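In: below: sequence and its predicted model.
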Amino acid sequence: MLTPEQLAAIQASPFKADFPLLAKNPEIVFLDSAATAQRPEAVLAAERTFYETMNANPLRGLYRLSVEATSAIEDARAHIAKLIGAVDAAGKPQGSQIVFTRNASESLNLVAHTLPQVVNLGPGDEVVISIMEHHSNIIPWQQVCAATGANLVYLRLDDNYTITQDEIEAKIGPKAKIVSVTHVSNVLGVENDIPAIAKRAHEMGARMVVDGAQSVPHLAVDVKELGCDLLAFSAHKMGGPMGIGVLWGTSELLDAMPPFLTGGEMIDSVTETGAVWAPVPQKFEAGTQDAAGSYAFDACLTYLDGLGMEAIEERERLLATYLTDELAKLDFVEIIGPREGERHIGAVAFNVRDVHPHDVASILDMSNVCIRAGHHCAQPLLAYLGVSSTCRASVAFYNDKQDIDALVEGLTGVWQVFNG
């Protein structure tokens, strides 16, 4: 339960004015940021600025526009590295450890297609993931295991929606070569103890991969504190453009991993019979990159820097707590996940008794309340929990108490539609 001071802090949002879609459509209650965030004006302006002032193919020209486009990409790399704590002993961002992809899904596919070669994954070896993974961190590993003869092992949740230390030690053993786990569940909103999982993985000689799609937008993330070897996330869930993904990795590991895609700009030299790869990160970035998207993502990070990730995290925890508390007051609503609001990072899943989630979402839309309904690309988790689909409301820092109150009012209306 929030204090009066905490409620006052989320009563209204001073940030909506920064987001054109929300500012121009104040009637919209957007509670689907776990799927994609809204874009601030700074991001929209940056994308246009790139095309109006420095539009050229990066890396491929010695003229001023091309040089500026190349610098835009490299500046974005350094900014991203700083955001996630990828810095050297002197605090200098390690931009060369930042690989651009199209999205977190592509980043995870890149890892799944290349890391097994580095660790010599084969029959009898184990890849360990959790039951709460997004399909993007399940299907690639299923295919890898089918191709190599390795076994796919699942970390499972206890009744408190936690991967316990006992489970970690039982499932990550000497046969494990790769461990790949989400930092925050896109359905339950719970944060996994990645440092503990990574510690065990490394003790067993395994590599640790983290899906940060739902954590990097909401938490102050430091790759050194996580103890991971690779981290994947997307720009669009942070307010950046769609079509920009990030893969961070240690220099040692990225150097050892072979290319995932081949073609232009990822090579140093080519002959009729072979090729020499370009250094990291270009080795993984075949073809023309979305320089405008990188430039706009850089602008997004500058905007977030102005707010501070710690302040964002604190506001969103208040919002998630209020959301969970208010849903718990509705006797026709079942929360899927922890009842403690502070344990939800952004997302809260729930169902309305005897009403299909698709009907809930459709009726809420009539009141301009936007939520998600379905299996959220996490069907194994939902099957494990005994449900086929759920509603999901997810908050970002630009939401406020009024948005959640509108959701609760809308859910009451949904219940009345089906129950008089």
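Out: Received it, and whenever you're ready, just let me know what you need.
In: leaving out chain neighbours, which residue sits closest to residue 257?
Out: residue 114 (4.2 Å; C-beta to C-beta, 6 or more residues apart in numbering). Every C-beta, even on glycine, is put in place using the N, C-alpha and C of the backbone.
In: what's the separation between the one you found and residue 278?
Out: To residue 278, residue 114 is 15 Å away according to C-beta to C-beta, to the nearest Å.
In: just give me the neighbour total for residue 157.
Out: Neighbour count of residue 157, defined by other C-beta atoms under 10 Å: 22.
In: wait, what's in contact with it?
Out: Taking C-beta atoms under 8 Å, 6 or more residues apart in numbering as the criterion, residue 157 is in contact with 130-132, 163, 384.
In: quick check: phi and psi at it.
Out: Per-residue torsions, residue 157: phi -90, psi 150 (degrees, to the nearest 10).
In: same deal with residue 414?
Out: Main-chain dihedrals, residue 414, degrees, to the nearest 10: phi -60, psi -50.
In: switch to numbering from 24
Out: From this message on, residue numbering opens at 24, which makes the last subject residue 437.
In: what residues of stretch 54-66 count as buried?
Out: Within stretch 54-66, the residues that count as buried by 16 or more other C-beta atoms under 10 Å are 54-58, 60-63, 65-66.
In: adding distance to residue 84, write those residues out as CSV.
Out: Supplementary listing: these in CSV, determined by distance: C-beta to C-beta, whole Å:
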residue, distance to residue 84
54, 44
55, 40
56, 38
57, 39
58, 37
60, 33
61, 34
62, 29
63, 31
65, 27
66, 26
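In: return the closest of these with respect to residue 367.
Out: Nearest to residue 367 among these: residue 57, at 10.6 Å, using C-beta to C-beta.
In: go ahead and confirm the closest one touches residue 368.
Out: No: Residue 57 is not in contact with residue 368 according to C-beta atoms under 8 Å; the separation is 9.4 Å.
In: common neighbours of these two, please.
Out: Residues touching both residue 57 and residue 368 (C-beta under 8 Å, 6+ apart) are residue 237.
In: residues contacting residue 81?
Out: With C-beta under 8 Å, 6+ apart, residue 81 has these contacts: 89, 92-93, 95-96, 311-312, 314.
In: next one: residue 86
Out: Shown in contact with residue 86 (C-beta under 8 Å, 6+ apart): residue 79.
In: what about the residue nearest to residue 135 when sequence neighbours are not counted, how many residues nearby?
Out: Excluding the flanking residues, the one nearest residue 135 by C-beta to C-beta, 6+ apart is residue 163, at 3.5 Å. For residue 163, the neighbour count with other C-beta under 10 Å is 20.
In: what does the pLDDT read for residue 163?
Out: pLDDT for residue 163: 98.
In: surely it is within a helix?
Out: Yes: counting by DSSP: H, G, I helix; E, B strand; the rest coil, residue 163 is located in a helix.
In: just to be sure, residue 372 is in a helix?
Out: No: the assignment for residue 372 (three-state DSSP) gives strand, which keeps it out of a helix.
In: partner residues bridging it?
Out: Judged by DSSP bridges, the bridge partners of residue 372 are residue 359, residue 415.
In: again with residue 116
Out: Beta-bridge partners of residue 116, as defined by DSSP bridges: residue 110.
In: kindly report the same for the one 5 residues further on.
Out: With DSSP bridges as the criterion, residue 121 is bridged to residue 271.
In: surely it touches residue 104?
Out: Yes: counting by C-beta under 8 Å, residue 121 touches residue 104, with 5.5 Å between them.
In: from residue 37, how far off is residue 344?
Out: 20 Å.
In: quick one, which of the two is more surrounded?
Out: Using other C-beta under 10 Å as the criterion, residue 344 and residue 37 rank with residue 344 on top: 20 against 8.
In: surely that one is in contact with residue 365?
Out: Yes: with contacts counted by C-beta under 8 Å, residue 344 reaches residue 365, the gap being 5.4 Å.
In: which residues touch the nearest residue to residue 206 once chain neighbours are set aside?
Out: Nearest residue to residue 206 in three dimensions, chain neighbours excluded: residue 238, at 3.7 Å (C-beta to C-beta, 6+ apart). Neighbour list for residue 238: 206-207, 214, 244, 256, 368 [criterion: C-beta under 8 Å, 6+ apart].
In: mind putting those into JSON lines with pLDDT?
Out: Shown next, in JSON lines, are those (pLDDT from 0 to 100):
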{"residue": "206", "pLDDT": "98"}
{"residue": "207", "pLDDT": "98"}
{"residue": "214", "pLDDT": "98"}
{"residue": "244", "pLDDT": "98"}
{"residue": "256", "pLDDT": "98"}
{"residue": "368", "pLDDT": "97"}
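In: for the residues you listed, work out which two are farthest apart.
Out: 214 and 256 (14.6 Å).
In: neighbour count for those two, which is higher?
Out: Neighbours per residue (other C-beta under 10 Å) separate residue 214 from residue 256, with residue 256 holding more: 26 against 18.
In: out of the buried residues of stretch 54-66, which are inside helices?
Out: Counting by DSSP state H, the part of those found in helices is 65-66.
In: run a quick neighbour tally on the spatially closest residue to residue 378 that is not a sequence neighbour.
Out: Leaving out its chain neighbours, the residue that sits closest to residue 378 by C-beta to C-beta, 6+ apart is residue 441, at 5.4 Å. Number of residues near residue 441 (other C-beta under 10 Å) recorded here: 15.
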